[in-house]
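Q: Here is a sequence together with a model predicted from it:
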Amino acid sequence: MEMVEGAWKAVDMRVTQLVWSLLRNVMGVELTGTPTTKGLPLIDSPTPIVVAITIYLSCVIGGLLWIKASNLKPRAQEPALLQALVLLHNLFCFGLSLYMCIGIIYQAILNRYTLWGNSYKLEQTEMAILVYMFYMSKYVEFMDTIIMVLKRNTRQITFLHVYHHSSIALIWWIIAYHAPGGEAYFSAALNSGVHVFMYLYYFLAAVLRGNEKVRRKYLFWGRYLTQLQMFQFGLNLLQAYYDRKVHAPYPPFLITILFYYMISLLVLFANFYVHKYVMSSPKGKQKTSKAE
Ligand SMILES: CC(C)(COP(=O)(O)OP(=O)(O)OC[C@H]1O[C@@H](n2cnc3c(N)ncnc32)[C@H](O)[C@@H]1OP(=O)(O)O)[C@@H](O)C(=O)NCCC(=O)NCCSC(=O)CC(=O)O
């Protein structure tokens, strides 16, 4: 036990030094913890999230290699345990997202937030706890990719998906550690709201698996969900632009991260949208074959 503790301390020191120096040299910032979230599990140092991301990436890469090496294909009928896991995970994420979305909006109204341009205030502890909860939900969301691996759905394990899941977790650690409130409320509430629909979609997709006709009938709105996600990123980008313009009283480096991160997601989602809905549609397929 002592050896494990000693090893963890050594890793913690190295990782913390690395993250601190990266933030100092790349963004010119010194992170300071905030009393509202200090002492809560997995927040006082960047090590837990960095270790979690490392384990996550190892599982994803290991899973992909295993699928490829064994030439595994998605099964027609999945094991009952996997089906149950998928349904439970989606139900849990659906409920949690709904709770966080409503909770954050309620706190924003209570604290008289304006749409954009809000500052983080130490006394807004309930808001801080909700933002912290949003950070914790990123650990749960790693399960999405594990599900994809267990289902052998390599088509879903894209750069977009893995980049999104690993980077967003680190970003929300920084926010929950440094300024869990103010302008962060908007992304957290909006994204939780979008995730309510996303996990409902995944839940239905899992329930209706095996009957493609019915599934297509009830999941026709997948395309609009992707549009909603892109609209969300567009709103966040606008928010970051506005905050930079008016010099909003929120850490400027977090606004800069928001700005460039949203551009990257918009580009990746636009590419996903074109491939999934435009090029694979009957008209899109016709156009591509004519061009060939
Ligand atoms: C409609 C989308 C939500 C999902 O598009 P996909 O192409 O991945 O979806 P799909 O139609 O193939 O989904 C059905 C398949 O997903 C399986 N499935 C069920 N639950 C799942 C879960 N929790 N995670 C991953 N896959 C899951 C179903 O069993 C089914 O598999 P089978 O077909 O075998 O039965 C899209 O808008 C989207 O987000 N695409 C980007 C890809 C992505 O990774 N998105 C999530 C993270 S990004 C994100 O979250 C952005 C944000 O914050 O808004």
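A: All right, it came through fine.

Q: buried stuff in stretch 33-50?
A: By neighbour count with 16 or more other CB atoms under 10 Å, stretch 33-50 contains the buried residues 34, 36, 37, 40, 42, 43, 45, 46, 47, 48, 49, 50. The C-beta positions use only the backbone N, C-alpha and C, and glycine is treated the same way.

Q: Any part of stretch 130-144 near the ligand?
A: Yes - counting by CB under 6 Å from any ligand atom, the ligand has neighbours in stretch 130-144: residue 144.

Q: Report the two of the buried residues of stretch 33-50 separated the most.
A: Maximum pairwise distance in those, criterion CB to CB, is 22.1 Å, between 36 and 50.

Q: Give me the neighbour count for residue 223.
A: Using other CB atoms under 10 Å, the number of residues around residue 223 comes to 14.

Q: and the spatially closest residue to it that is not a sequence neighbour, how many residues sit next to it?
A: Excluding the flanking residues, the one nearest residue 223 by CB to CB, 6 or more residues apart in numbering is residue 277, at 5.0 Å. The local packing of residue 277 (other CB under 10 Å) involves 14 other residues.

Q: any idea how far residue 277 is from residue 200?
A: Distance from residue 277 to residue 200, counting by CB to CB, to the nearest Å: 19 Å.

Q: residue contacts, the closest residue to the ligand within the stretch 1-150 of the chain?
A: As assessed by CB to the nearest ligand atom, the ligand sits closest to residue 144 within the stretch 1-150 of the chain, at 3.6 Å. Shown in contact with residue 144 (CB atoms under 8 Å, 6 or more residues apart in numbering): 89, 161, 165, 202.

Q: Quick check: residues of the stretch 151-292 of the chain near the ligand?
A: So the stretch 151-292 of the chain meets the ligand at 151, 153, 156, 160-161, 164, 191, 194, 198, 201-202, 205-206, 209, 222, 225-226, 229, 272, 276 (CB under 6 Å from any ligand atom).

Q: Now the buried members of the residues you listed.
A: Buried among these (16+ other CB under 10 Å): 151, 160-161, 164, 191, 194, 198, 201-202, 206, 226, 229, 272.

Q: Switch the contacts of residue 144 over to JSON lines; also include distance to residue 120.
A: JSON lines is the format used below for those (distance: CB to CB, whole Å):
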{"residue": "89", "distance to residue 120": "31"}
{"residue": "161", "distance to residue 120": "30"}
{"residue": "165", "distance to residue 120": "25"}
{"residue": "202", "distance to residue 120": "32"}
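
Q: Show me the shaky parts of the stretch 151-292 of the chain.
A: Along the stretch 151-292 of the chain, the model assigns pLDDT under 70 to residues 283-292.
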